[in-house]
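Engineer: The following block contains a protein sequence and its predicted model.
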Amino acid sequence: MFELVIGLEVHTQLNTKTKIFCSCATSFGEEPNTNVCPTCLALPGALPVLNEEAVKKAVSFGRAVNAKINQTSVFNRKNYFYPDLPKAYQISQFDIPIVENGELFIKLGEENKRIGITRAHLEEDAGKNIHEASFSKVDLNRSGTPLLEIVSEPDLRSADEAVAYLKKLHSIIRFLDISDANMQEGSFRCDVNVSIRPKGDEKFYTRVEIKNLNSFRFVQKAIEYELARQSAAWEDGTYAQVVVQETRLFNTTNLTTRSMRGKEDSAEYRYFPDPDLLPVVLKPSMLEASLPELPDEKKARYMSELGIKESDAEVLITSLELSRFFESLIARKLSPKLCVTWLTTELMGLLKGELTIENSPINANKLGDLIARIEDGTISAKAAKEVLAFVFENVNFSIDEAIDKLGLKQVSDDLAIEKIIVEVLEKNADKVAEYKNGKDKLFGFFVGQVMKEGKGAFNPAKVNELLKAKLG
């Protein structure tokens, strides 16, 4: 009955060494109010100086999403009071942002959908309020950290689309290496604007903003809750009273939203050009710098050059770390298909809880050693799973040491295998006669018997080769 209309505002902290308007180090988790200076603290007479690296990173993002890069952009003062904003204004961009009119494409099922990006502008982050018992503290270490705010068009129509967009955006930012985009640390956080309308209606109705969501799951749940809340208000006739333009917070315990404050329109921020900062005029070199290989390009290369299935290539580009791990494997000239299987299915299947590909007990070198031992016939694929599980728990063992300890090395010695083949064929003389009379399916029976007698230690390829020779 109702259609969702969703627009997202993503704030990503840029991974520069220093803040956007001063030389203080950007930081996370350090002692409060240690990485500050007169500019961060807005002391009288302190003047901002723009960080060129932040501008370069914003430009690279704009190019990655096919956006218009404004050769000249302007910084403004966005006026509002909050305890963690000492100046009582934020230096941001308003009417002339550095990036506008971009796009990215998401895929749900078989459908590729274009999502417009209205703008991406540079601004400074605020500090952080810490609420304890009946009092609050202010930490200004974060104040002045460079932010890129990325604003989408209201083109998203479901929670699933919103999450797909965020994951694609997150992937692009990581592959560009302009931010660590760590959602738990707040360097990639999202404000969600949600409204509903009757299906078929093209009008935009009252939207609410859900502030500072820092996980894909919470974005999903917040949108689903708002759909239910706004739909119920529409149906019982209280929509105009219940759904008002406001900022809401998401409760991560009971998965509901609650009102935080009224939502201002842009006019209420009294934007005006910052008198302490000149317009930003880009150097031509910034528009010509090469970009790294982006997720969609990497996916296409994996499919065309390595023969990897689209679904597997999609998995490999979900994170920069996973893609780098895979690249390390194929650099050793190992089978791409084996690398995909042992990375995305076998190793990833063992990573649970706090373990991720970044802190996996098994690195690319060790997994590559395992795959190499499968390829050269030292161990079977079945035995390799046992070896992988063992070295996962016993990280000091090399792959070869684990194979020896577990006694899983395959026997490829012709004489040892031939001896067992002769014994098996002598025990099953009647079946040998049937095989030679055209009952070819018995070959699998002979293979199974030889492998059984060899207690699974024989190389299957060698068994097949020698058995065929014996049977003629």
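Structural biologist: In hand now; what should we look at?
Engineer: Look up how far Q90 lies from the most centrally placed residue in the chain.
Structural biologist: Nearest to the geometric centre of the chain sits S319, at 4.3 Å (Cα atoms, centre = their mean). With distances taken as Cβ to Cβ, to the nearest Å, S319 is found 31 Å from Q90. C-betas here are computed from N, CA, C, even on glycine.
Engineer: just L442 next, same as before
Structural biologist: 79 Å.
Engineer: Compare these two (neighbour count), which wins?
Structural biologist: Q90 (19 against 16; other Cβ atoms under 10 Å).
Engineer: Which strand residues bridge that one?
Structural biologist: K78 (DSSP bridges).
Engineer: contacting residues around it?
Structural biologist: Shown in contact with Q90 (Cβ atoms under 8 Å, 6 or more residues apart in numbering): 77-78, 80, 123-124, 126.
Engineer: neighbour-wise, which of those leads?
Structural biologist: E124 (25 neighbours).
Engineer: need the helices for the stretch 251-400 of the chain, in chain order.
Structural biologist: With helices called from DSSP state H, counting those that start in this stretch, the stretch 251-400 of the chain shows them at 284-288, 295-306, 310-316, 320-330, 336-340, 348-350, 364-375, 381-393, 399-406.
Engineer: quick one: contacts of whichever strand or helix holds V447?
Structural biologist: In this assignment (DSSP states H and E), V447 forms part of helix 442-453. Helix 442-453 is contacted by residues 417, 420-421, 423-425, 428, 431, 434-435, 458, 460, 463-464, 467-468, 471 when judged by Cβ under 8 Å, 6+ apart.
Engineer: picking that back up, the residue nearest to the centre of the chain against K167, yeah?
Structural biologist: No - the pair S319 / K167 is not scored as a contact, 9.6 Å apart, by Cβ atoms under 8 Å.
Engineer: low pLDDT regions in this protein?
Structural biologist: Where the chain drops to pLDDT under 70, the residues are 264, 411-414, 416, 455-456, 472.
Engineer: Domain map for it?
Structural biologist: Per automatic domain parsing, the domain ranges recorded for the chain read 2-287, 295-406, 414-471.
Engineer: Report the buried residues of the helix or strand harbouring L166.
Structural biologist: Using DSSP H and E, L166 sits in helix 159-176. Buried residues in helix 159-176, counted by 16 or more other Cβ atoms under 10 Å: 159, 161-166, 168-176.
Engineer: Over to stretch 362-369?
Structural biologist: Residues 362, 364, 366-369 are the ones in stretch 362-369 that count as buried (16+ other Cβ under 10 Å).
Engineer: Looking at those, spot the one nearest F390.
Structural biologist: Of all the buried residues of stretch 362-369, I362 has the smallest distance to F390: 10.7 Å, by Cβ to Cβ.
Engineer: from memory that closest one sits against E393, does it?
Structural biologist: No - at 10.3 Å, I362 and E393 do not qualify as touching, with contact defined as Cβ under 8 Å.
Engineer: hmm, back to that, immediately after the helix holding L166, which helix or strand?
Structural biologist: Going down the chain from helix 159-176, the next helix or strand is strand 188-198, by DSSP H and E.
Engineer: Give the other helices and strands that that next one contacts.
Structural biologist: Under the contact criterion of 3 or more Cβ pairs under 8 Å, 6 or more residues apart in numbering; DSSP states H and E, strand 188-198 touches strand 2-13, helix 159-176, strand 208-213, helix 216-235.
Engineer: at 6 Å instead, please
Structural biologist: With contacts defined as 3 or more Cβ pairs under 6 Å, 6 or more residues apart in numbering; DSSP states H and E, the packing partners of strand 188-198 are strand 2-13, strand 208-213, helix 216-235.
Engineer: Generate TSV for those, with distance to L104 and mean neighbour count as supplementary columns.
Structural biologist: Supplementary listing: these in TSV, determined by distance: least, Cβ to Cβ, whole Å; neighbours: other Cβ atoms under 10 Å:
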stretch	distance to L104	mean neighbour count
strand 2-13	11	21
strand 208-213	19	19
helix 216-235	16	18
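Engineer: Just put these in a markdown table and tack on distance to G29.
Structural biologist: Below are the helices and strands packed on strand 188-198 laid out as a markdown table (distance: least, Cβ to Cβ, whole Å):
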| stretch | distance to G29 |
| --- | --- |
| strand 2-13 | 13 |
| strand 208-213 | 18 |
| helix 216-235 | 21 |
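Engineer: Nearest to A46, out of these?
Structural biologist: Distance to A46, taken as Cβ to Cβ, is lowest for strand 2-13 among these, at 21.8 Å.
Engineer: What angle do helix 216-235 and that closest one make with each other?
Structural biologist: 140 degrees (axes from the mean of the first three to the mean of the last three Cα atoms, to 10 degrees).
Engineer: so which of the buried residues of stretch 362-369 comes closest to I115?
Structural biologist: Set against I115, the nearest of the buried residues of stretch 362-369 by Cβ to Cβ is A364 (33.4 Å).
Engineer: do you know how far the closest one is from R197?
Structural biologist: When distance is defined by Cβ to Cβ, A364 is 49 Å away from R197.
Engineer: how near is I399 to R217?
Structural biologist: 36 Å.
Engineer: swap that for L277, please
Structural biologist: From L277 across to R217, the span is 39 Å (Cβ to Cβ).
Engineer: ditto for F105
Structural biologist: F105 is 23 Å from R217, by Cβ to Cβ.
Engineer: and what of K298?
Structural biologist: 26 Å.
Engineer: now the end-to-end length of stretch 387-399.
Structural biologist: 7 Å (Cα to Cα, to the nearest Å).
Engineer: now swap in stretch 46-54 and tell me
Structural biologist: Across its full length, stretch 46-54 reaches 20 Å between end residues, using Cα to Cα.
Engineer: Name the residues of it that are buried.
Structural biologist: Using 16+ other Cβ under 10 Å as the test for burial, stretch 46-54 gives 48, 50-51, 53-54.
Engineer: can you list the residues you listed in a markdown table and add secondary structure and distance to P32?
Structural biologist: Conversion of those to a markdown table gives the following (DSSP: H, G, I helix; E, B strand; the rest coil; distance: Cβ to Cβ, whole Å):
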| residue | secondary structure | distance to P32 |
| --- | --- | --- |
| P48 | coil | 22 |
| L50 | coil | 26 |
| N51 | coil | 23 |
| E53 | helix | 25 |
| A54 | helix | 24 |
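Engineer: Tell me the one of those nearest I357?
Structural biologist: E53 (27.6 Å).
Engineer: Distance check, the closest residue in space to the closest one that isn't next to it in sequence against Y165.
Structural biologist: Ranked by Cβ to Cβ, 6 or more residues apart in numbering and with sequence neighbours excluded, the top spatial neighbour of E53 is T16, at 4.6 Å. Distance, T16 to Y165, by Cβ to Cβ: 25 Å.
Engineer: cool, and M260?
Structural biologist: 24 Å.
Engineer: Please name the bridge partners of the residue nearest to N182 when sequence neighbours are not counted.
Structural biologist: Nearest residue to N182 in three dimensions, chain neighbours excluded: F188, at 6.6 Å (Cβ to Cβ, 6+ apart). On the basis of DSSP bridges, F188 takes part in beta bridges with T12.
Engineer: didn't F188 look like it was pressed against A181?
Structural biologist: Yes - the criterion here is Cβ atoms under 6 Å, and F188 meets it with A181 at 3.9 Å.
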